[in-house]
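Undergrad: model this:
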Amino acid sequence: MITGAGQGIGQAIALAFAGRGARVIATDLEPPHETARKIGLEALALQLDVKREEDWRSVAGKAQDLGDMDIVLNNAGYFPNRTIDDLDLATWRKTMATNLDSHF
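TA: Below is the predicted model:
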């Protein structure tokens with residue numbers, strides 16, 4: 001399973017894993033159908049907001065139907081691209097929830 005697999009590095013990792021024979025669960029804020037389409041039948045595209053515990057539970061339940069999961073690659077990230085002086089508390093919390101809490 002790869003988070004943030006809708007584009008960029010996450011999509012490249014998903015394609016690389018598939019190229020080596022892995023069945024891939026590609027996740028992102030919106031289901032990464034394009035990534036799954038590029039991989040083919042060995043891929044499943046699911047919606048996952050890594051900040052939401054209920055989304056993790058939903059994905060875990062759907063993943064169980066596919067069998068054992070050997071690798072979870074948490075690639076999802078959020079970078080507001082501002083100085084610390086320009087951050088508000090809501091942006092700080094979103095950054096921490098996406099980049100740190102989601103790994104827990």
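
Undergrad: Do a quick rundown of the helices in the chain.
TA: When assigned using DSSP state H, the helices of the chain occupy the ranges 8-19, 33-39, 53-64, 89-99.

Undergrad: how about the last one: buried residues?
TA: Residues of helix 89-99 classed as buried under the neighbour-count rule (16 or more other Cβ atoms under 10 Å) are Thr98, Asn99. C-betas here are computed from N, CA, C, even on glycine.

Undergrad: From Leu48, how far off is the most far-flung residue of the chain relative to its centre?
TA: Distance from the C-alpha centroid of the chain peaks at Asp85, with 28.9 Å (Cα atoms, centre = their mean). Counting by Cβ to Cβ, to the nearest Å, the gap from Asp85 to Leu48 is 32 Å.

Undergrad: what does Gly6 give?
TA: Using Cβ to Cβ, which is the criterion applied here, Gly6 is 10 Å from Leu48.

Undergrad: overlap in contacts of those two?
TA: Asp28, Leu29 (Cβ atoms under 8 Å, 6 or more residues apart in numbering).

Undergrad: quick one on the thing from earlier: next, format the helices of the chain as CSV and append distance to Phe79.
TA: What follows is those, written out as CSV (distance: least, Cβ to Cβ, whole Å):
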stretch, distance to Phe79
helix 8-19, 12
helix 33-39, 21
helix 53-64, 20
helix 89-99, 7
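
Undergrad: For those helices, could you give me CSV that also reports distance to Tyr78 and mean pLDDT?
TA: Output for these, formatted as CSV (distance: least, Cβ to Cβ, whole Å; pLDDT from 0 to 100):
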stretch, distance to Tyr78, mean pLDDT
helix 8-19, 13, 97
helix 33-39, 19, 98
helix 53-64, 15, 93
helix 89-99, 4, 95
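
Undergrad: what pLDDT does Ile84 get?
TA: pLDDT recorded at Ile84 is 88.

Undergrad: Sorry, slip of the keys, the one I care about is Asp28.
TA: 98.

Undergrad: what number of residues lie near it?
TA: Asp28 has 25 neighbours, counted by other Cβ atoms under 10 Å.
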